[in-house]
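coords please:
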Amino acid sequence: MGKNISKGFEKAPQRSLFKALGITDSELDKPLIAIVCAQSDIVPGHTQLNTIAEAVKAGVYAAGGTPFVVPCIGVCDGIAMGHIGMKYSLPSRELIADSVETMAFAHAFDGMVLIPNCDKIVPGMIMGAARVNIPTILISGGAMLPGCSSKGQKLSLTSVFEGVGALKAGKMTLDELADIENNACPSCGSCAGMFTANSMNCVTEALGIALPGNGTIPAVYSERLRLAKLTGEQIVKLVEENLTIRRIITKDAIHNALTLDMALGCSTNTVLHLAAIASECDIDFDLDIVDKISSFMPNLCRLMPASNTSIEDLYHAGGIMAVLKELSKGQSKGESLIKGKAITVTNQELEKSYQNAVIRNTEVIRSIDNPYSATGGIAVLKGNIAEEGAVVKKSAVAPEMMTHSGKARVFESEEAASEAILNGLINKGDVVVIRYEGPKGGPGMREMLSPTASLAGMGLDKDVALITDGRFSGATRGAAIGHVCPEAMVGGKIALIQEGDIINIDIENGKLELKVSAEELNERAKKWRPKTLELSGYLQRYSELVTSAAKGAVFKKKF
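Predicted coordinates for the structure are as follows:
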């Protein structure tokens, strides 16, 4: 697209503005590369992204391109957690996609390098790039190192959230909590476990839109700067070859992403984001596809919060390419679990990238013949509460909670549920129901790490389940079932649950049932009225435009 602003006498005004930037005629003759960078001083995963951007620029220059850094917003979910800020987290994904689309088209770039790191920024940038459909590569900022307490305990951000619950339950002192707080996050980078940010960064390798290593090289390793320089060089090659992002993100690439997702036990948010990315690429996607892949995909890795294994450990064990190579050995109905012929930003087939990968730690990455479980790390549940579906991070659920039946404890917001949990009002066997936290009803579909972490810290994660039309952080562990669709705000049956109703959960068989007759539910539905929301600004627009979580919580395409 660069010729639209640099070629011919008619473009003299545009060239004049480039020259105001110090750009020479010879630089304008080269591919114009956008480096979309989400650096900010408020997000630990993004504070160092300027160094990644400089390395990418060096690579672009070395390969004969002309780079331009352009900005992108980013929300830190950990800082936004537990207050109104979290209402803006998922909605920020759509703003990011819009801004990437806008900057790319407005300035007629020939190619893009995306530099995100955390939660909604990764999928938001990919969604925007898919709309523009020019050659694009993603290079993230990398994972944070795991922390270590003064007692030698391995730590992550989850440890701090759970510590709050442990303190409230009298299982921890203030000094012990302070020790965890001071040591849980020892470096820049995305939080150290298989939370949403790292889940998405790992998935980009399987999607084929990032070079091998993107998902697991720690933020503070010099190898990440080398990867950034290689990314800069490769984007110029992709422009020369006109290998656009939507030629890479195909149905097979989405399959590979879901396959890796299940093998790693990624955050449930990946389902939401992959659905949104597929939507931008006009690829069919629904929860039935997720459920089908999960049914035959082995879970090879158990990382934080399901264990003490960090992203750094996965890196040393061989990284994403080692996982993909192991998956390529498996078959379902005579076909490989991995679509190895899918093209990637290397301009080669995916199988070329993983053919020489080696597993160096068989506990971190188990073999296809010795998985942690025979089915995937994410399960889809359906039933009269969730007719369109709900999701749970199965790999982080204790065995004794794979089936559970209990009395509903109903709350109209995250704050009300958290208050009840911390005040000891939730009993063993209960099923906590948090509703009106969906995409429309929240609005914004908040992540709710605080209540789940409080339950875990108080030692109730093996006795209490939680269901919601909102979301959970990738750092959540326990029987935390989110994305219940239809959501309460549109009359989903989660809105009809009453205090004391019995809810049956069967994760292995994908069931989520309210033990109330259809006749009784119909009577309740006649009396139901949606919650009144007093909204303004972006959240008002978001609530009006957003679709179901089962569709990725994307905006309506037709009005």
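
How many neighbouring residues does E363 have?
Around E363 there are 12 other residues, counting by other C-beta atoms under 10 Å. Quick note: C-beta positions are derived from backbone N, CA and C, even for glycine.

Surely S543 touches E534?
No - assessed by C-beta atoms under 8 Å, S543 is found out of contact with E534, at 11.1 Å.

ok, these two, which is more surrounded?
For the pair S543 and E534, the greater number of neighbours falls to S543 (20 against 5), based on other C-beta under 10 Å.

And the pLDDT for the more buried one?
As predicted, S543 sits at a pLDDT of 97.

got it, and G2?
Looking at G2, the pLDDT reads 64.

Could you do I359 as well?
You'll see I359 listed with a pLDDT of 98.

give the contact list for it.
Residues counted as contacts of I359 (C-beta atoms under 8 Å, 6 or more residues apart in numbering) are 317-318, 322, 325-326, 365, 367.

check contacts around I254.
Contacts of I254 by C-beta under 8 Å, 6+ apart are 207, 274, 277-278, 281, 283, 285.

Drop anything exposed from the contacts of I359.
Neighbour counting by 16 or more other C-beta atoms under 10 Å classes 317-318, 322, 325-326, 365 among these as buried.

Provide the secondary structure category for P123.
Three-state call for P123 (DSSP: H, G, I helix; E, B strand; the rest coil): helix.

circling back: may I ask which of the contacts of I254 has the most neighbours?
Neighbour tally across the contacts of I254 (other C-beta under 10 Å): the maximum, 30 neighbours, falls on I277.

Would you check how far apart that one and I5 are?
Using C-beta to C-beta, to the nearest Å, we find I277 at a distance of 28 Å from I5.

what's the answer for A518, then?
Separation of A518 from I5 (C-beta to C-beta): 62 Å.

Between these two, tell me which one has more neighbours.
The neighbour count for A518 versus I5, taken as other C-beta under 10 Å, is higher for I5 (18 against 8).

ok, now which ones touch that one?
Residues in contact with I5 (C-beta under 8 Å, 6+ apart) are 11, 14-15, 18, 32, 107-108.

Now do the buried residues in whatever helix or strand it lives in.
According to DSSP states H and E, I5 maps onto helix 3-6. Across helix 3-6, burial judged by 16+ other C-beta under 10 Å covers 5-6.

export it as PDB, just CAs?
C-alpha atoms of helix 3-6 as PDB (Å, rounded to 0.1, in the frame of the first residue of the first chain):
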ATOM      1  CA  LYS A   3       2.900   3.500  -3.200                       C
ATOM      2  CA  ASN A   4      -0.400   5.100  -2.400                       C
ATOM      3  CA  ILE A   5       1.500   7.800  -0.400                       C
ATOM      4  CA  SER A   6       4.900   7.800  -2.000                       C
END
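
need the next SSE after it, C-terminal direction.
Criterion used, DSSP H and E; the element after helix 3-6 is helix 12-20.

same question for that next one, mean pLDDT?
Averaged over helix 12-20, pLDDT sits at 96.

For it, C-alpha coordinates in PDB please.
In PDB, the C-alpha atoms belonging to helix 12-20 read as follows (Å, rounded to 0.1, in the frame of the first residue of the first chain):
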ATOM      1  CA  ALA A  12       4.400  15.400  -3.300                       C
ATOM      2  CA  PRO A  13       2.400  16.700  -0.300                       C
ATOM      3  CA  GLN A  14       2.500  13.300   1.500                       C
ATOM      4  CA  ARG A  15       6.300  13.000   0.700                       C
ATOM      5  CA  SER A  16       6.800  16.500   2.100                       C
ATOM      6  CA  LEU A  17       5.300  15.300   5.500                       C
ATOM      7  CA  PHE A  18       7.500  12.300   5.500                       C
ATOM      8  CA  LYS A  19      10.500  14.600   5.000                       C
ATOM      9  CA  ALA A  20       9.300  16.600   8.000                       C
END
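
next helix or strand past that helix?
As assigned by DSSP H and E, the chain's next helix or strand after helix 12-20 is helix 25-28.

Would you indicate which residues of that next one are buried?
Of all the residues in helix 25-28, those buried under the rule 16+ other C-beta under 10 Å are 27-28.

isn't W528 right up against L496?
Yes - between W528 and L496 there is a contact at 6.3 Å, judged by C-beta under 8 Å.

For these two, indicate the residue with more neighbours.
Neighbour count, other C-beta under 10 Å: between W528 and L496, L496 has more, with 22 against 12.

residues in contact with the more buried one?
514, 516, 521, 524-525, 528.

Would you mind giving the secondary structure of V380?
strand.

Quickly list what it is bridged to.
Beta-bridge partners for V380, by DSSP bridges, are V391.

In contact with it, which residues?
287-288, 290-291, 294, 389-391, 510 are the contacts of V380 under C-beta under 8 Å, 6+ apart.

at 10 Å instead, please
268, 271, 286-295, 386, 389-392, 394, 483, 507, 510, 512, 550 (C-beta atoms under 10 Å, 6 or more residues apart in numbering).

mind listing the strands for the stretch 1-150 of the chain?
In the stretch 1-150 of the chain, the strands defined using DSSP state E, counting those that start in this stretch lie at 32-37, 66-71, 111-115, 136-138, 147-148.

count of neighbours near T24?
Using other C-beta under 10 Å as the criterion, T24 is surrounded by 11 other residues.

How about T173?
Neighbour tally, T173, other C-beta under 10 Å: 11.

Would you check how far apart the residue lying closest to it once chain neighbours are set aside and D463 are?
Computed as C-beta to C-beta, 6 or more residues apart in numbering, the closest residue to T173 that is not its neighbour in sequence is L167, at 7.4 Å. Applying C-beta to C-beta, the value for L167 to D463 is 19 Å.

Which strand in this protein has the most residues?
Longest strand in the chain, counting residues (DSSP state E): strand 403-411.

what helices or strands is that strand leaning on?
helix 414-422, strand 431-434, strand 465-468, strand 502-506, strand 511-514 (3 or more C-beta pairs under 10 Å, 6 or more residues apart in numbering; DSSP states H and E).

So which of the ones you listed is nearest S454?
The closest of the helices and strands packed on strand 403-411 to S454 is helix 414-422. By C-beta to C-beta, the value is 4.8 Å.

tell me which residues in that closest one are buried?
Residues of helix 414-422 classed as buried: 414, 417-418, 420-422 (neighbour count, 16+ other C-beta under 10 Å).

what's around the residue nearest to M458 when sequence neighbours are not counted, how many residues?
Leaving aside its sequence neighbours, M458 sits nearest to A169 (C-beta to C-beta, 6+ apart; 4.0 Å). Look at A169: counted by other C-beta under 10 Å, it has 15 neighbours.

Looks like A169 contacts G424 (just checking).
Yes - the criterion here is C-beta atoms under 10 Å, and A169 meets it with G424 at 8.1 Å.
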